[in-house]
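turn this into a model:
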Amino acid sequence: MTRIYVPATRDQLAAWHAAGQVPADAVAEAFEAPDETEEGEYAALMSAADISADMLAGPGRRIVVVLETEYAPADWTDVVAVHADAEDRAAGADPDEDLAWFTTQEVPDLLG
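Predicted coordinates:
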């Protein structure tokens, strides 16, 4: 299995959660860590977070969906975690600020 980091918006996360899958076009845009070190995985996570920030039309949360899969589209059961800002952030906020970690069971609360 390959661990990938998919940038997303809140609306995309809601749609993917409701559909039970992450679409192939989103999986194709994912980031993969260059190696299995913490530093490599963090670099992939933050690269995806940068793209998520670019997708925001204004204030909002960066969202990164983490999957372990070899397939596209990916089933929601392939999602191992979601990383997101704990609260909405202003445009131009510090791009190096860490994201909070959420389990898949917490996604409805994150969307609420």
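
drop to CA atoms for contacts and neighbour counts, all remaining ones
Noted.

and the biggest helix by length in the chain, what does it pack onto?
Secondary structure of the chain per DSSP state H: the longest helix is helix 38-55. With contacts taken as 3 or more CA pairs under 8 Å, 6 or more residues apart in numbering; DSSP states H and E, helix 38-55 sits against strand 2-8, strand 31-32, strand 63-69.

contacts for that helix, please.
4-9, 30-35, 61-64, 95-96 (CA atoms under 8 Å, 6 or more residues apart in numbering).

list buried residues within those residues.
4-9, 30-33, 61-64 (16 or more other CA atoms under 10 Å).

out of those, who's nearest Gln21?
Closest to Gln21 out of the buried ones among the contacts of helix 38-55 is Val6 (12.4 Å), distances taken as CA to CA.

does the closest one have any beta-bridge partners, and if so which?
Here Val6 sits in beta bridges with Val65, going by DSSP bridges.

all numbers from here: first residue = 5
That works, and once the first residue is 5, the last one we named lands at Val10.

OK, contacts around it?
Here Val10 is in contact with 30-31, 33-35, 52, 68-71 (CA under 8 Å, 6+ apart).

what about Thr107, how many residues nearby?
12 (other CA atoms under 10 Å).

ok, it touching Val83?
No: under the criterion of CA atoms under 8 Å, Thr107 makes no contact with Val83, lying 9.0 Å away.

identify the contacts common to those two.
In contact with both Thr107 and Val83: no residue, using CA under 8 Å, 6+ apart.

skipping adjacent residues, who's closest to the residue nearest the centre of the chain in space?
Closest residue to the average C-alpha location of the chain: Val68 at 1.2 Å, with CA atoms, centre = their mean. Computed as CA to CA, 6 or more residues apart in numbering, the closest residue to Val68 that is not its neighbour in sequence is Pro11, at 4.6 Å.

wait, that neighbour touches Leu71, no?
No: at 11.2 Å, Pro11 does not count as touching Leu71 under the criterion of CA under 8 Å.

give me the neighbour count for Glu40.
11.

any idea of the mean pLDDT in stretch 100-107?
Taken as a whole, stretch 100-107 carries a mean pLDDT of 95.

check stretch 27-45 too.
94.

how far does it sit from the chain's center?
10 Å (CA atoms, centre = their mean, to the nearest Å).
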